[in-house]
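Q: What follows is a protein structure lacking sequence information:
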């Protein structure tokens, strides 16, 4: 049975590879939406192929760290004009991808793209248009603001930065709003949810369509513990908990029109930010009433015992661990918790998974 | 007379070069404050030298487009470990400098630094510590916010971005504030005054020290006319005037607690932003009561006839055109205008000139 399944899989992969090889690459490439102003390359086509062009007349090899899984990226070929051009060997997953160049063994960013903070460095980024990209498009609707705030943190002895999304109309009246504290992943920072995630545009559009009641989102730097990948097992997020719960939450409640109680405060995060969310909500259930884990682990019913949580949201990409996510939410429901799972179709551990997760989670928050 | 002056100059330059060559480079290099998190290079020392290190084991030449004037940058030398290291041949001017790498003829950014938008691209940046850097330092004082706002622009058919500095305490009461519209230079964008200019920190510190009454600053993209350097003569800034005066000003007055009249509205800009300020204030004197040109031209008394301007501020770096700036302000004063000139010591057409200009100009605004 197991062998037979493997054989079927292998056959399917062979057919799939053959199909890819036979596919005609459509020559309808357009500049990626993440390019620097006026830059033509990198380009993307309607099938999800990406094409790169780098000017490096005296280089001996130019590679892009992006391509089909397992192939180690895309090698560019030198052209007579001194440029290097290459196209991915197949369609990429929809959505945003980080990458960089390897030029004669050296790591540089692609001069064509805007930079996005990921992997603890500012990286190049490319956007493969998604079939559902409309939900995070910049439209002529009332826009909320993204405010950079600087707050004093006694525990770290620093002035720290957060970004605060305030919905359109915020501040024009005395209206007070619930708050979602939304964390980035490992190697990213507080710019990620706005720059890569378009959290503000997702909110603007959901609000304009009447799908959610407006709320505030607060995004701050979560690498306070400076965890390395290998150290994740020991990762306890306690330093970050102090900054977030004891310093930032009071600052936000003192400086913004918030409803400053547990039932109007949510915490969610992607990847490492999900791990932080789980650790902090379990230790400080009196602070947050709504929890969201996006590609960042799951809760067991035991984890939530005595928490009084109003709603749990757990998500991931279909190429990640959908069975684990679904099983967790099934167990939570059976134990009497209000929990919702979401699996993003066709995506992996990348930002389209998390944009969609925010869109799915937002209408579920602050409803009780 | 003219020849003799030239000769004196040449002698002075020779002496200066000899002095530089004799100077011992102090080995007290520290990472530049504009580096990416955790990056050691580029470094700067207490004399203003910059030292670069780039890992490029298979490259044949690595150059940095930064160094003493006329020398075309700094060539790095290959080290046994595959890195390339080089130090500027002399001290750099204090303050912020854009640069990039030339690696085997190809243009890349230095992976060590954060990127800053200048020259119509995201560039590497380095900060040579200035003797007066305290006025734009991040301190434990009440901080204003920098808000990203998106506004609909019918004239261009786009949703456009601006950043709005609101001083600490803004929005906690019904207090209304004057507004400075502050423009970046050619090739830069609406991020420049916050990222390179630290306009928000300059304001925070001036307010904390009681040196100014708080006001709002609005920064938006001024390359609407998409002027190229060569096209500057034809540059009329009319498209930008429509966006700024007819679209953004009403949006800001509708959405922020402003005092919405001419006597509480200023316009200033650096370089091309100064040219825009001059053109737009001359055509729309009913909109702005205070004008500032920073390394961006001068006004003649005729330019201001009938304008009713309350105050004119004109500045530049000592290495630019101080005589022109001083002569302009002298003529304006003689014609009865309230005008102030400022020359930034030891700086050229770069951001320290403009940080200092903002610090000098801010206390002069909205005083009548």
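A: That came in fine, so what should we check first? The shown structure was predicted, so the numbers you read here are calculated from the model rather than taken from an experiment. Numbers count the residues shown, from 1 in each chain, chains lettered A, B, ... in the order given.
Q: mind listing what residue A:131 touches?
A: Residue A:131 sits next to residue A:94 when contact means Cβ atoms under 8 Å, 6 or more residues apart in numbering or on different chains. C-betas here are computed from N, CA, C, even on glycine.
Q: May I ask which helix or strand encompasses it?
A: Under DSSP states H and E, no helix or strand contains residue A:131.
Q: Same question for residue A:41.
A: Using DSSP H and E, residue A:41 falls outside every helix and strand.
Q: now residue A:27, what's its secondary structure?
A: Secondary structure, DSSP: H, G, I helix; E, B strand; the rest coil: residue A:27 is coil.
Q: Verify the contact between it and residue A:47 for me.
A: No: applying Cβ atoms under 8 Å as the test, residue A:27 and residue A:47 come out as separate, 10.6 Å apart.
Q: quick one, which of the two is more surrounded?
A: residue A:47 (15 against 8; other Cβ atoms under 10 Å in any protein chain shown).
Q: How about the residues of the stretch 101-250 of chain A by chain B?
A: Those residues of the stretch 101-250 of chain A that sit near chain B, judged by Cβ under 8 Å from any Cβ of the partner chain, are A:101, A:103-109, A:111, A:114-115, A:120-122, A:138-140, A:143, A:145-152, A:159, A:164, A:171-172, A:194, A:200, A:204.
Q: try 7 Å this time
A: A:103-109, A:111, A:114-115, A:120-122, A:138, A:140, A:143, A:145-150, A:152, A:159, A:171 (Cβ under 7 Å from any Cβ of the partner chain).
Q: Now go through those residues and say which are in strands.
A: Within these, residues falling in strands by DSSP state E are A:103, A:106-108, A:115, A:121-122, A:145-150, A:152, A:159.
Q: if we take those, which one ends up nearest to residue B:241?
A: residue A:145 (24.4 Å; Cβ to Cβ).
Q: What about that closest one, how many residues nearby?
A: Residues near residue A:145, counting by other Cβ under 10 Å: 25.
Q: tell me the pLDDT at the residue nearest to it when sequence neighbours are not counted?
A: The shortest distance from residue A:145 to any non-neighbouring residue, by Cβ to Cβ, 6 or more residues apart in numbering or on different chains, is to residue B:147 (4.4 Å). On pLDDT, residue B:147 comes in at 97.
Q: What of residue A:15?
A: On the pLDDT scale, residue A:15 gets 45.
Q: Can you report how many residues neighbour the closest residue to residue A:281 other than its chain neighbours?
A: By the measure of Cβ to Cβ, 6+ apart, the closest residue to residue A:281 outside its immediate chain neighbours is residue A:291, 4.8 Å from it. A count of nearby residues for residue A:291, using other Cβ under 10 Å, gives 28.
Q: Make sure I have this right: residue A:291 is in a strand.
A: Yes: counting by three-state DSSP, residue A:291 falls inside a strand.
Q: ok, back up a step: check the ones in strands among the residues of the stretch 101-250 of chain A next to chain B and tell me the two furthest apart.
A: A:103 and A:152 (42.4 Å).
Q: neighbour-wise, which of those two wins?
A: A direct count of neighbours by other Cβ under 10 Å for residue A:103 and residue A:152 places residue A:103 higher, at 24 against 16.
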